[in-house]
Structure formats: C-alpha cells, structure tokens
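Engineer: my questions are about this predicted structure, shown below with the sequence.
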Amino acid sequence: MPTINDIAAKLGVSKSTVSKALNNAEDISQSLRKKILETAVEIGYEKKRIRKNAPKKLCILVENMDYKNPSGFGHDLVIGFEQMAVPAGWEVDLVVMSPEKQSQTSYDAFMLGHQYEGAFILGFSLLDPWMQDLKTARTPAVLYDNYILENPLVAYVGVNSDEGFHMSVSYLKKLGHRRIGYLGCNMDSQISRERYQAYLRAMELHKLDVNMDLVGRSPFISKCIQEYLPLLLKRQATAILCEHDQLANAVLIHCAELGFRIPEDISVIGFDDAAFSAYASPPLTTIRQNQNALGRCGYYALASLLNNTFISSLLLRAELIERDSTGPARRFPS
C-alpha cells in the first residue's frame, strides 16, 4: 500500500509536510495541502486511524435540501441516519455542499482531508462535479435518489418508484380514469428520470394508452404549471400524476385559479407525502416516503459498504396515501 513516504517522494516535499497536510495542520498553505491530498488519492493512499480510540467519522453531504426545518424533507433523513450511526460509535458531521465547493477538490481528496470514512449524500444533481468523481471513487458513499452504475463502493437508497406509480395508476383506473397525464420537472436528477419511466411502465402494465399530449416535463415548476398544465386540462385529462408533492400542490392551486374543481373535474396525485401534503387544499393524495426509515437505510447501506458487502440499492416499499384530491373520473360530453 502507498505510504506517506511515497507521497513525499512524488512531490519532492518532506514526510512531515505530508503528515501536516493529512492532519489539517494550520501551518501549511491551502494550495499545498490540496496538492498533497490530490496526490495521495491519485496513488491510492488510504489513511488509517493510528490510535484505537481515534474517532470514527462519517459525513452527510447536503445540497438543495431543507434539513434544518422539522418539516423540511431532509430533516428526518438526517435524524434517521444519526440514530443508527451515533450509537454504533461514529461521529457524524453534516456538511452543506455546492457545485462550487465540489469544483475546488475531488470527492476522495475531500474525504481524505477531513478523515471521513464514508458519506451519505442528499440532494445532488446529475450535473454536480462529484457525480462524475463517484464513478471511480474509493471512499464509500450512499446516495439518496441517485444511482451510480459503475462503482461497487457507491449505493443508492430510495422508495420503489415502479411500485408507487403502479399503485397510483391502479387506484385511478378503479375510479374510472383512462386519460391519465403526467407532469415532471428537475430533469437533471436521476429520480426525475426514474419516476417518468415508472409512469410509462405503469400505464403499459395497466393497458392504458400513453398520450404524449398529456405529458409535460420541464426543469422549471413554473413552466409545468403555466404552459403544460393548461394543455392537459384543455385536452381533457381526468387525472394528473406529478413527480413530487411540491409540483402537485402547485397544480392544485393553479387549477383552482382556473376554475377547475378537484377532484370533481380532475384528480391529482403527488409523490413524497411532504409535511404540507395533508394540509393542502384539498388534502393531497400521494405516495409516501418514510424519510426517517430512508435515513436509517442510508446508514445500513453505508455500514455494509464499509464492511465489504457491496450493496447496489435499498428500496423501501411504496405506500399510497388516499386523500381528497382524487375521485371518480369526470365524464366529458361525447
């Protein structure tokens, strides 16, 4: 295995300088420290805890997700992870991340520099720099609602989208719906793509035609609402499946503004069961994600990777929560 001596020799610096960089000493420049960390990653150096009582450290990397507010989607994900990790003897740091921060160093160099042995990653986009790093990363990571095919050290946790959309379409079909539309956004995320494909598969499974005139997808909720929703209403969709609850709630509000009654004129189903969904007007039918359980699964998957059990994905079962935004299909004049 590569050693500190190998790093020092490759860069032409002293062993003590390398040691300082790896231990976050203050008397070394950030540029040199960055160079040493990146070289360490390049040659495959792995830092081990020297003292048996040295802290074991994991991190939760968060981007584009509310984790501070108890009603925020990320809050219970974090709590669930910590509830498993802390009793197991891990220190857990929560690190707010951004594409700018990621562009300053590689994922492995960041993890090595902070002595983290693994990460639970929330809210990353497919466009984030570290999503490319994770394809070859040597530091274990678990992604919520994102998937990396190439690397056995990276796992995925989430809710079974196919199961969720199967439940939604089956439920709507029993209510007499045949013209079931779809609205989605955030196309630079893995889960956005998965949920759209799950909608298509569910419609096929239930032998319902997919009318592309009843599908609207855009990176922006505003475009979905202002451009695609009116088209779906004009083309006589009787129900709309939404990629997530925030979009579904916007559909509820805009339909009311346009004079459409929910569910008498059109039914709406979301995905996530966000905290506000039960208090929407009307209360939103949705697919529930148990965030606390997802956080606990995140730790379980990461612990498995750290013990050389290479889990690909852990998917929770979907659960349909029936509320007042769905009802029997509207009958249009012939």
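Structural biologist: Received, thanks. Residues are numbered from 1 along each chain as shown.
Engineer: CA only for contacts and neighbour counts going forward, please
Structural biologist: Noted.
Engineer: point to the residue nearest the middle of the protein.
Structural biologist: Closest to where the C-alpha atoms of the chain average out (CA atoms, centre = their mean) is D145, at 3.2 Å.
Engineer: ok, that one to L175 distance?
Structural biologist: Applying CA to CA, to the nearest Å, the value for D145 to L175 is 30 Å.
Engineer: okay, now the domains of the protein?
Structural biologist: Domain segmentation of the chain under automatic domain parsing yields 1-40, 54-159+293-316, 161-289.
Engineer: which one of the ones you listed lies closest to D324?
Structural biologist: domain 161-289 (5.4 Å; CA to CA).
Engineer: so what's the residue count around G270?
Structural biologist: 28 (other CA atoms under 10 Å).
Engineer: shouldn't it be within a helix?
Structural biologist: No - counting by DSSP: H, G, I helix; E, B strand; the rest coil, G270 falls outside a helix, being strand.
Engineer: so, low pLDDT: which residues of this protein?
Structural biologist: For the chain, applying pLDDT under 70 flags the ranges 47-54, 186-187, 334.
Engineer: for it, what spans make up the helices?
Structural biologist: With DSSP state H as the criterion, the chain has helices at 4-11, 15-22, 30-43, 73-85, 99-104, 107-113, 129-133, 161-174, 190-205, 221-223, 229-234, 245-257, 291-306.
Engineer: OK, contacts around C224?
Structural biologist: By CA atoms under 8 Å, 6 or more residues apart in numbering, C224 lies in contact with 183-185, 216-218.
Engineer: sorry, that was for V95
Structural biologist: By CA under 8 Å, 6+ apart, the neighbours of V95 are 59-62.
Engineer: in CSV, list the residues you listed along with distance to R331 and neighbour count.
Structural biologist: Below are the contacts of V95 laid out as CSV (distance: CA to CA, whole Å; neighbours: other CA atoms under 10 Å):
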residue, distance to R331, neighbour count
C59, 53, 21
I60, 50, 22
L61, 49, 20
V62, 46, 20
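Engineer: now the end-to-end length of stretch 237-245.
Structural biologist: First-to-last residue span, stretch 237-245, CA to CA: 19 Å.
Engineer: could you do stretch 220-233 as well?
Structural biologist: 19 Å.
Engineer: starting at the chain centroid, how far to that stretch?
Structural biologist: Taking CA atoms, centre = their mean, to the nearest Å, one finds stretch 220-233 lying 24 Å from the centre of the chain it belongs to.
Engineer: buried sites along it?
Structural biologist: 221, 224-225, 228-233 (16 or more other CA atoms under 10 Å).
Engineer: just give me the closest of the residues you listed to N211.
Structural biologist: So of the buried residues of stretch 220-233, ranked by how close each gets to N211 (CA to CA), first place is L232, at 10.3 Å.
Engineer: compute the distance between that closest one and L214, please.
Structural biologist: Taking CA to CA, one finds L232 at 5 Å from L214.
Engineer: any common contacting residues for those two?
Structural biologist: G181.
Engineer: about what we covered before: so which of the contacts of V95 belong to strands?
Structural biologist: 59-62 (DSSP state E).
Engineer: and the residues you listed, which is closest to P87?
Structural biologist: Proximity of the ones in strands among the contacts of V95 to P87, judged by CA to CA, is greatest for C59, which lies at 15.2 Å.
Engineer: so who does the closest one touch?
Structural biologist: Counting by CA under 8 Å, 6+ apart, C59 has contacts 92-95, 116, 118-120.
Engineer: please pick the buried ones from these.
Structural biologist: Using 16+ other CA under 10 Å, the buried members of the contacts of C59 are 92, 116, 118-120.
Engineer: farthest pair within those?
Structural biologist: Pairwise over the buried ones among the contacts of C59, using CA to CA, the maximum falls at Y116 and F120, 10.9 Å.
Engineer: pull the residues that contact stretch 68-77.
Structural biologist: 65-67, 122, 274-276, 291-296.
Engineer: distance from it to the middle of the chain?
Structural biologist: That offset, for stretch 68-77, works out to 14 Å (CA atoms, centre = their mean).
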